[in-house]
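Asker: predicted model and sequence follow; I will ask about them next.
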Amino acid sequence: MAPIPDFPLIGGYLPTSFLDWEGKVAAVVFLTGCNFRCPFCHNAPLATGMAEGLKTEPVLSDILRRRRFLDGVVVSGGEPTLYRRLPELLTWFRDVAKIPVKLDTNGSRPDVLDRLLVGGLVEAVAMDIKAPWEKYADLAGTPVDTDQVRASLALLKPLGTFLELRTTFVPDLLSIEDLRRIRLQLEDDPRWIVQLFQPAHALDPALRDSPPPSRREIEASLEGVKVRG
Ligand code: SF4
């Protein structure tokens, strides 16, 4: 077999996860760097590029060795679509490891997503919907061109059940009314999931002491919505 190429931006690796790809056993590869600064981010070292890089070879050879026991690989971040060599990495998963890939994205790079879909390099995608469009910059911690996020949404919608849309509910930054507005902007898409904010490792220290959100309040206020966490 050809030598494993070096992908220097791998900043984290979880050999086995039952949570990152619903219904599947997956390895998770985290890429460093993100163009957002969500105050609630729980992957701060990855988002800010401070995570210590991992050697590629042990990560990819571990996936190769265990691929019979894995349903797939989740490529997460940070924001993976920023990584210039993402197509090369995904091609390696498809053609060498022969393992399906799910991509996690903030949806800010529809041009990249389009290329990955056209190239048949991802099987499934989980895309964040941070906030109602008019509040996006507050939740992303930076100005966001929401037209790009909408374009990603339009591109990914045909994925059917291979698409997941997710919003992290941070009670200090979003209200139940905001969740209703997100649901409306997604036209009540059944693939939308509300994730409960985990305050402990939030990027913004001011949020770390926030009371955790109430699952019961969300379920009582938004009938039929899926809540995770
Ligand atoms: S939560 Fe926000 S800052 Fe953190 S990795 Fe995701 S998009 Fe980037």
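Answerer: Sure thing, it's come through. Numbers count the residues shown, from 1 in each chain.
Asker: now the helix or strand hosting R115: buried residues?
Answerer: Element membership for R115, per DSSP states H and E: helix 110-118. Across helix 110-118, burial judged by 16 or more other Cβ atoms under 10 Å covers P110, V112, L113, L116, L117. The way it works is simple: take the backbone N, C-alpha and C, and place the C-beta from them, glycine included.
Asker: same question for stretch 37-55.
Answerer: Within stretch 37-55, the residues that qualify as buried are C38, P39, F40, C41, N43, A44, P45, L46, A47, A51, L54, counting by 16+ other Cβ under 10 Å.
Asker: so how far is P45 from the second one?
Answerer: Put plainly, it is P39. 15 Å (Cβ to Cβ, to the nearest Å).
Asker: where does the protein have its least confident helix or strand?
Answerer: When the helices and strands of the chain are scored by mean pLDDT, DSSP states H and E, helix 44-47 comes last with a mean of 91.
Asker: what's around the residue nearest to M1 when sequence neighbours are not counted, how many residues?
Answerer: In space, and not counting its chain neighbours, M1 is closest to V96: 7.4 Å by Cβ to Cβ, 6 or more residues apart in numbering. Burial of V96 is recorded as 15 neighbouring residues (other Cβ atoms under 10 Å).
Asker: can you give me the strands in this protein?
Answerer: In the chain, the strands defined using DSSP state E lie at 10-17, 26-31, 72-76, 101-105, 124-128, 163-169, 192-196, 226-228.
Asker: can you redo those strands as JSON lines with mean pLDDT?
Answerer: Shown next, in JSON lines, are the strands of the chain (pLDDT from 0 to 100):
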{"stretch": "strand 10-17", "mean pLDDT": "96"}
{"stretch": "strand 26-31", "mean pLDDT": "97"}
{"stretch": "strand 72-76", "mean pLDDT": "98"}
{"stretch": "strand 101-105", "mean pLDDT": "98"}
{"stretch": "strand 124-128", "mean pLDDT": "98"}
{"stretch": "strand 163-169", "mean pLDDT": "97"}
{"stretch": "strand 192-196", "mean pLDDT": "97"}
{"stretch": "strand 226-228", "mean pLDDT": "94"}
